[in-house]
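K.L.:
structure, please.
(one chain, ligands or ions: 1)
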Amino acid sequence: MTDFDGTILVTGARGNIGSRLTAALAAAGLQVRATARDTSGLDVPDGVETAALDLTAPDATVLKGVRTAFLYPTFGDIGGFLTAAVEAGVEHVVLLSSPAAYDPVEHAGPIGAAHLAIEAAVRDSGLGHTVLYPSWLATNPARDWSAQIRAGKVAIAHPEWRINPIHLGDVAEVAADLLVSERFRGRSIILTGPESLSQREVVAQIAAARGKPIAVEELTRDEALASRPDWFPEAMFASLLDVAANLGDRPATVNNNVERVTGRPARSFAQWLQDNGSEF
Ligand SMILES: NC(=O)c1ccc[n+]([C@@H]2O[C@H](COP(=O)([O-])OP(=O)(O)OC[C@H]3O[C@@H](n4cnc5c(N)ncnc54)[C@H](OP(=O)(O)O)[C@@H]3O)[C@@H](O)[C@H]2O)c1
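P.N.:
Take a look at the predicted model:
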C-alpha cells in the first residue's frame, strides 16, 4: 500500500469497521496497535500489537510512537486523549462520524449533536484530522432486523425510505488509505454505497440472498416507537424516524468517493450479502 513508517493506532479494534480496518492495515504490512477498552479475547491478525484504550480515560503510554490514529466517535469527554495525542506528536487522526452531523433534519437532533460534539473536540485540539461520513452501514439489517429476518417478516416504518448501504470493507479501506496517505488530509469525506435502495428493496435483496421470502409490514410512527429495541435510545430512534418521514421516497444521494480514494468502485449491498451471508 505504502512505505508509511510508524505505528497506526486503531480504536475499537473489535468493532465492525475497526476490525476490518485493522485487518486491511495488517494485510498491507503496516505497523498497527489495535485497541479496545478490554483487550481480553481481542482477535487480531498475526503481528498486530494490542493495547487497552478507553478514549474517555486514556493512558498516554498507548500513544508511544503513534503517527496516525483512527477514532470512533465515542460519546463522553475525549479531551484528555486528544491532549495526550498532541503531546505524543500524533500527526493525524481519522475520525468516524455520521451523516446525522450534517443532515438538515438530524444535525440538531441527538445523533447529530453527539457526533458534532466529538468533531468539535477533535478540531479544537489542533490535531490534523480527516472526518469520514459513511452512509447507511450494511451491518444495520443484522443489527436491527436479525430475529425478524429469521422469522420471515420485517416490520418497519417508512419501507420506501431510500438509503445507500455501504460495504464496511469499503469504509475500512478508505480509512486505511487516509491513515497512511497525505492526499485528503483536513477534508470531510462523505462515503456512500453505489446505489440508492428503499428499505423494502434491502429486505428483498436479503430474502433473495437467503432464498427465503421475507414479508414487509409497514408500521406507523407510534408502532415503530413501541417496537424500539432497548439498546437504542428513544430520542435517537425518533430522530431517525423523522429523517425517514422527511425524505419520503426520494433517492438517496450516491457519490463515487470510495473509488476516488481507493481507486476501485464501491461494492454493492448484494456483494455485502455474498461476503457476509452468515450474519443473520
Ligand atoms: N449505523 C449507521 O448506518 C452509521 C452510519 C454512519 C456512521 N455511523 C457511525 O458508526 C458507528 C458504528 O460503527 P461500527 O458498526 O463499526 O461500531 P461497533 O461495531 O458498534 O463498534 C464500536 C466500537 O467503539 C469502541 N468504543 C466505544 N466506546 C469507546 C471508548 N470509550 N473508548 C474506546 N473505544 C470505544 C468499541 O470498543 P470496545 O471493544 O472497547 O467496546 C467498539 O469496538 C456508529 O456508532 C456511528 O457513530 C453509523
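K.L.:
phi, psi of whichever residue of the stretch 151-280 of the chain sits closest to the ligand?
P.N.:
The ligand sits closest to Leu168 of the stretch 151-280 of the chain, with a gap of 6.8 Å, by Cβ to the nearest ligand atom. Any C-beta I mention is one placed from the backbone N, CA and C, and that applies to glycine too. When read as degrees, to the nearest 10, the backbone of Leu168 gives phi -70, psi -20.
K.L.:
quick check: it touching Ser19?
P.N.:
No: using Cβ atoms under 8 Å, Leu168 makes no contact with Ser19, being 9.0 Å away.
K.L.:
hmm, back to that, tell me the pLDDT at the residue of the stretch 151-280 of the chain closest to the ligand?
P.N.:
pLDDT, Leu168: 98.
K.L.:
cool, and Ala147?
P.N.:
pLDDT recorded at Ala147 is 95.
K.L.:
what do you get for Leu127?
P.N.:
Note on Leu127: pLDDT of 98.
K.L.:
so where's this protein uncertain?
P.N.:
1 (pLDDT under 70).
K.L.:
what are the ranges of the helices in it?
P.N.:
Taking DSSP state H as the test, the helices found in the chain are 16-27, 79-87, 110-125, 140-151, 168-180, 199-210, 221-226, 234-247, 257-262, 269-275.
K.L.:
which one of the ones you listed is the most hemmed in?
P.N.:
helix 168-180 (a mean of 24; mean count of other Cβ atoms under 10 Å).
K.L.:
quick check: Trp272 touching Pro165?
P.N.:
Yes: at 6.7 Å, Trp272 counts as touching Pro165 under the criterion of Cβ under 8 Å.
K.L.:
find residues that contact each of the two.
P.N.:
Common contacts of Trp272 and Pro165 (Cβ atoms under 8 Å, 6 or more residues apart in numbering): Ala138.
K.L.:
what sits against the residue of the stretch 151-280 of the chain closest to the ligand?
P.N.:
By Cβ under 8 Å, 6+ apart, the residues touching Leu168 are 16-17, 20, 137-139, 272.
K.L.:
residue in the chain nearest to the ligand?
P.N.:
For the chain, Cβ to the nearest ligand atom, closest residue to the ligand: Gly15, 2.6 Å.
K.L.:
quick check: closest non-adjacent residue to that residue.
P.N.:
Distance criterion Cβ to Cβ, 6 or more residues apart in numbering; nearest residue to Gly15, sequence neighbours excluded, is Tyr72 at 6.5 Å.
K.L.:
what is the burial count for the one you found?
P.N.:
Close neighbours of Tyr72, defined as other Cβ atoms under 10 Å, add up to 18.
K.L.:
please apply the same query to His158.
P.N.:
Taking other Cβ under 10 Å as the criterion, the count of residues near His158 is 22.
K.L.:
how close does it get to Asp230?
P.N.:
According to Cβ to Cβ, to the nearest Å, His158 and Asp230 sit 22 Å apart.
K.L.:
swap in Asp59?
P.N.:
Relative to Asp230, Asp59 is positioned 32 Å away (Cβ to Cβ).
K.L.:
more neighbours: which of those two?
P.N.:
Higher neighbour count among Asp59 and Asp230: Asp59, with 13 against 5, using other Cβ under 10 Å.
K.L.:
surely that one touches Ala52?
P.N.:
Yes: between Asp59 and Ala52 there is a contact under Cβ under 8 Å: 7.4 Å.
K.L.:
would you mind listing what in the stretch 101-250 of the chain touches the ligand?
P.N.:
134, 136-137, 139-140 (Cβ under 6 Å from any ligand atom).
K.L.:
in strands, which of those fall?
P.N.:
Counting by DSSP state E, these place Pro134 in strands.
K.L.:
for the residues of the stretch 101-250 of the chain next to the ligand, which entry has the maximal number of neighbours?
P.N.:
Within these, Pro134 tops the neighbour count with 27 neighbours, counted by other Cβ under 10 Å.
K.L.:
that one is in contact with Val171, isn't it?
P.N.:
Yes: counting by Cβ under 8 Å, Pro134 does reach Val171; the two are 4.7 Å apart.
K.L.:
touching both of those two, which residues are there?
P.N.:
17, 96, 191.
K.L.:
now, which of those sits nearest Ser278?
P.N.:
Within the shared contacts of Pro134 and Val171, the smallest distance to Ser278 is 18.9 Å, found for Ile17 (Cβ to Cβ).
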